[in-house]
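Participant: give me a 3D structure for the following:
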Amino acid sequence: MIETIKEILNFKIIDGKEIDITIGTITLLVVVLITTGLILKAIRIFLTRKLPKEEKNKFISFFQFIRYIVFIFAFIFALDVSGVDMSVLLTASAALLVGLGFALQQLFQDIISGILIIIDQSLHVGDIVEVDGRVGKVLEIKLRTTRVVTRNNRVMVIPNHKFMLDTLFNWTQNSFTNREQVNVGVAYGSDVQIVKKILLECAEETPEVVKEPKPIVLFEDFADSSLNFSLYFYVDNGMNSPGIQSDLRFRIDAAFRANNVSIPFPQRDIHVITKA
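Facilitator: The predicted structure follows:
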């Protein structure tokens, strides 16, 4: 019985000079591919079990690509284990694979970074982020790139590997409420309590400034020609911060004028010495 099975498995379907394919080779190949498919399915279910539906679909589309690559390696492994000489095929394709690997290096780096972003959930559509000093709102996260619209309504297409290599400031990671500030200097001799009161009133009168947490004023420094204050306040939408800060500066300037609080400017005295 065992000898009969061996004879069946060793029966050559293809009897070539360099490659022999037997029934045993085909059987092993089928078993390896089925096992590989089941393992990949289990991995996919494990990795996507906590992902939102939209992010899960993105991951599955990428996973299909990975699945094909793994099946190719499993196919080669099965043939090699079964005794098929793969050196002929591998030698012929080695140069092509090396060249293709170098050409697609950046692409794979971006795709892997995109997968890590999706799995890690460090970035979401709607988040306000700061990249290379530019602030924008995330419109779409794809496998290779992320699209961000800036405050100037310009769309930045950012390769995903940039989020892995560079520092990313996610303004809305903890909360969609962002803290902003307006800095102002007043002349020496000004009543600092009145200055503080004016700044807080201006913040309270600005509709876009949230009531909680409350705005605060810090006396930052005794500068060369001014007493420096900072007004810290919170807004619901960091994309609108420049406009809100501008509105506050208009209010502060008008309030200072009404209360005779002056904003100084640097002055220099020049002494001219003449010889008799």
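Participant: tell me which stretches of this structure form helices.
Facilitator: 2-9, 23-48, 53-81, 87-103, 105-120, 161-165, 192-205, 241-258 (DSSP state H).
Participant: with only the CA atoms kept, save the shortest one in PDB.
Facilitator: Output of helix 161-165 as PDB, limited to C-alpha atoms (Å, rounded to 0.1, in the frame of the first residue of the first chain):
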ATOM      1  CA  HIS A 161       6.600  57.700   4.900                       C
ATOM      2  CA  LYS A 162       7.000  61.300   5.900                       C
ATOM      3  CA  PHE A 163       4.700  60.800   8.900                       C
ATOM      4  CA  MET A 164       7.000  57.900  10.000                       C
ATOM      5  CA  LEU A 165      10.300  59.800   9.600                       C
END
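Participant: what's in contact with it?
Facilitator: 106, 109-110, 113, 116-117, 122-123, 131, 146 (CB atoms under 8 Å, 6 or more residues apart in numbering). Every residue, glycine included, has its C-beta placed from N, CA and C.
Participant: what are the buried residues along it?
Facilitator: 161, 163-164 (16 or more other CB atoms under 10 Å).
Participant: any idea of the mean pLDDT in that helix?
Facilitator: The average of the pLDDT scores along helix 161-165 is 79.
Participant: check the fourth one too.
Facilitator: Confidence for helix 87-103, expressed as mean pLDDT, is 59.
Participant: repeat that for stretch 171-178.
Facilitator: Here the average pLDDT along stretch 171-178 is 76.
Participant: which parts of that stretch are buried?
Facilitator: For stretch 171-178, by 16+ other CB under 10 Å, it's 171-172, 178.
Participant: phi and psi next, for Val261.
Facilitator: phi -100, psi 120 (degrees, to the nearest 10).
Participant: how close does it get to Leu199?
Facilitator: Counting by CB to CB, to the nearest Å, the gap from Val261 to Leu199 is 10 Å.
Participant: neighbours of Thr167, just the number please.
Facilitator: Counted with other CB atoms under 10 Å, the neighbours of Thr167 add up to 8.
Participant: quick one: contacts for the residue nearest to Asn240 when sequence neighbours are not counted?
Facilitator: Once flanking residues are discounted, Asn240 sits nearest to Glu208: 6.5 Å by CB to CB, 6 or more residues apart in numbering. Applying CB under 8 Å, 6+ apart to Glu208 gives the contacts 235-237, 240, 243-244, 247.
Participant: quick check, central residue of this structure?
Facilitator: Residue closest to the average C-alpha location in the chain (CA atoms, centre = their mean): Phe163, at 4.2 Å.
Participant: low-confidence ranges, the stretch 1-150 of the chain, go.
Facilitator: Counting by pLDDT under 70, the stretch 1-150 of the chain contains low-confidence residues at 1-25, 51-65, 79-104, 119.
Participant: can you do 90?
Facilitator: 1-147, 149-150 (pLDDT under 90).
Participant: kindly report the same for the stretch 151-276 of the chain.
Facilitator: 151-180, 189-190, 207-208, 210-213, 223-226, 236-242, 260-276.
Participant: you'd agree His217 is up against Cys202?
Facilitator: Just so we're on the same page, residue 217 is Val rather than His. No. Using CB atoms under 8 Å, Val217 is not in contact with Cys202, being 10.2 Å away.
Participant: higher neighbour count, those two?
Facilitator: Taking other CB under 10 Å, Val217 and Cys202 do not tie; Cys202 has more neighbours (24 against 19).
Participant: quick one: the more buried one and Arg251 touch, right?
Facilitator: Yes. Contact criterion CB under 8 Å: Cys202 and Arg251 qualify, at 4.2 Å.
Participant: picking up where we left off before, quick one: common contacting residues for Val217 and Cys202?
Facilitator: What both Val217 and Cys202 touch, as defined by CB under 8 Å, 6+ apart, is the set Leu231.
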